[in-house]
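A.B. asks: Let me see the structure of the following:
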Amino acid sequence: MPTIIYPSPIFGPVHSRRLGVSLGINLLPSDGKVCSFDCIYCECGFNEEHKASNPLPTRKEVKEALENKLKEMSVSGPVPDVLTFAGNGEPSCHPHFPEIIEDTLALRDAYFPKAKVSVLSNSTFIHRPAVFTALSKVDNNILKLDTVNDDYIQYLDRPAKNYSVSEVIDNLKKFEGNCIIQTMFLKGSYQGRNMDNTSDQYVLPWLETVKQIAPKQVMIYTIDRETPDHDLEKALPEELDRIVSLLAKENIPATASY
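C.D. replies: Presented below is the predicted three-dimensional model:
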């Protein structure tokens, strides 16, 4: 499957492995990526190869497009399980992310009050008070923590400069359990380095950190679509199941997507 660049500001609905019938909200341009990570497994490809030239959608454009789509779905279906902030990069980097969250919650309440509002975030902007507050208001505050190993994360997620996984962990703890941790497990190699993070070397320190964060849920997953680096491999179902069982022993609810 080729690299995916999502329409903006609304796409779908699509069926999500983890969330059900999901209407996507993409706060990034429709012609490329804007992200503080450059993950080697990203279905949208590498940042350098997919630079955006279009501007970010405005708050007004997002609100109008979302309301029009919700009106359409209220007449012809389907009923969404969730409104999901995702797309071509990191949604919380949008300068009006907090205000757009407020608009989305109001529109959800007006059209599909039973639907959840979810945000898929790489956690790099949770140190900003307005972003932290906005994320605290949504139903599914899904925050990435792929590893607690600083060296490994530089190869896997390739974050922007000045990224500190320890600072991210400290900020994750401040949610006091009002978050969902999302972690990618995979195998294979990148630039000659073994990228398998399913072994105890990576899993056990990550597990100890997850216990300290005490999230309401953990979502683990593996590669589902084509990646920009072709030496990566899916983690096996039994490997993901083992990690779920370790979480269960700590009374942490968890799901695995194969």
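A.B. asks: Give the buried residues for whichever strand or helix holds residue 106.
C.D. replies: Assigned by DSSP states H and E, residue 106 belongs to helix 97-111. For helix 97-111, burial by neighbour count (16 or more other Cβ atoms under 10 Å) applies to 97-98, 100-101, 103-105, 107-108, 111. To be clear about C-beta, it is placed using only N, CA and C from the backbone, and glycine gets the same treatment.
A.B. asks: Looking at the residues you listed, which is nearest residue 154?
C.D. replies: residue 97 (25.9 Å; Cβ to Cβ).
A.B. asks: still on that earlier bit, list just the nearest of the buried residues of helix 97-111 to residue 231.
C.D. replies: residue 97 (34.3 Å).
A.B. asks: ok, and what's touching the helix holding residue 106?
C.D. replies: Residues outside helix 97-111 that contact it (Cβ atoms under 8 Å, 6 or more residues apart in numbering): 25, 27, 59, 62-63, 66-67, 70-71, 73-74, 83, 85, 91, 94, 115, 117, 119, 130-131, 133-135, 137-138.
A.B. asks: Would you map the helices across this structure?
C.D. replies: Secondary structure of the chain by DSSP state H: the helices cover 59-76, 97-111, 129-137, 150-156, 165-173, 200-213, 237-249.
A.B. asks: right, and those helices - which one's nearest residue 226?
C.D. replies: Short answer: helix 150-156, nearest of those by Cβ to Cβ, at 17.0 Å.
A.B. asks: I'd like the buried residues of helix 97-111 as TSV, with pLDDT appended.
C.D. replies: Shown next, in TSV, are the buried residues of helix 97-111 (pLDDT from 0 to 100):
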residue	pLDDT
97	98
98	98
100	98
101	98
103	98
104	98
105	98
107	98
108	98
111	98
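A.B. asks: So for stretch 227-242, mean pLDDT?
C.D. replies: Stretch 227-242 shows a mean pLDDT of 95.
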